[in-house]
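Chemist: 3D model of this:
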Amino acid sequence: MLEKGTYFLPPINMIGPGVLQDVGEQIKGLGCSKPLLVTDKMLVELGLPIVTIETLSKEVGILSGLKELGVGEDKIPAMAELALADPCAPGNPKEMTLDDAIALYTAAM
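Modeler: Just a heads-up that it's a prediction; the model follows:
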């Protein structure tokens, strides 16, 4: 059952064909750092949300990958150990091994 809540919707919603060409400038102009992208099943199947997120991230200067954030590959083993020690780790649907964590962080470089 849906719980009661309060939501703030931004004053600008961009909808329609060709809107993706203008979204980056709108986001920059508004000073947004966490825009919400709403899509549908068909667009997801076409892969458009991923392309859109990657494009917008570059346009507004959001860093992608741990390397761009200044994390060196030498830090991966320690980060993987910390991930396994996180109190939330046992709540994951799939148990993560040290090798799994290392692979995830390596892919995120």
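
Chemist: what count of nearby residues applies to Ala101?
Modeler: By other Cβ atoms under 10 Å, 20 other residues sit near Ala101. For the C-beta atoms, the positions are set from N, CA and C on the backbone; glycine is no exception.

Chemist: which residues does it contact?
Modeler: Residues in contact with Ala101 (Cβ atoms under 8 Å, 6 or more residues apart in numbering) are Met79, Ala80, Glu81, Ala83, Leu84.

Chemist: which among these end up buried?
Modeler: Ala80, Ala83 (16 or more other Cβ atoms under 10 Å).

Chemist: and which of the contacts of Ala101 is nearest Glu3?
Modeler: The nearest member of the contacts of Ala101 to Glu3, counting by Cβ to Cβ, is Ala83 at 30.0 Å.

Chemist: the closest one sits in which helix or strand?
Modeler: Per DSSP states H and E, Ala83 falls inside helix 76-85.

Chemist: reformat the contacts of Ala101 as TSV; add distance to Asp100 and pLDDT.
Modeler: Listed next are these as TSV, based on distance: Cβ to Cβ, whole Å; pLDDT from 0 to 100:
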residue	distance to Asp100	pLDDT
Met79	13	95
Ala80	8	95
Glu81	12	95
Ala83	9	91
Leu84	9	91
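
Chemist: the contacts of Ala101: which two are farthest apart?
Modeler: Largest separation among those by Cβ to Cβ: Met79 and Leu84, giving 10.0 Å.

Chemist: returning to what we had before: what's the offset of the helix or strand that the helix holding Ala83 is followed by from the middle of its chain?
Modeler: Next along the chain after helix 76-85, taking DSSP H and E as the criterion, comes helix 98-107. Offset of helix 98-107 from its chain centre (Cα atoms, centre = their mean, to the nearest Å): 18 Å.

Chemist: what of stretch 101-109?
Modeler: 15 Å.

Chemist: out of the contacts of Ala101, flag the one nearest to Asn13.
Modeler: Closest to Asn13, out of all of these and judged by Cβ to Cβ, is Ala83, at 36.7 Å.

Chemist: skipping its backbone neighbours, what lies nearest that closest one in space?
Modeler: Leaving aside its sequence neighbours, Ala83 sits nearest to Ala101 (Cβ to Cβ, 6 or more residues apart in numbering; 4.6 Å).
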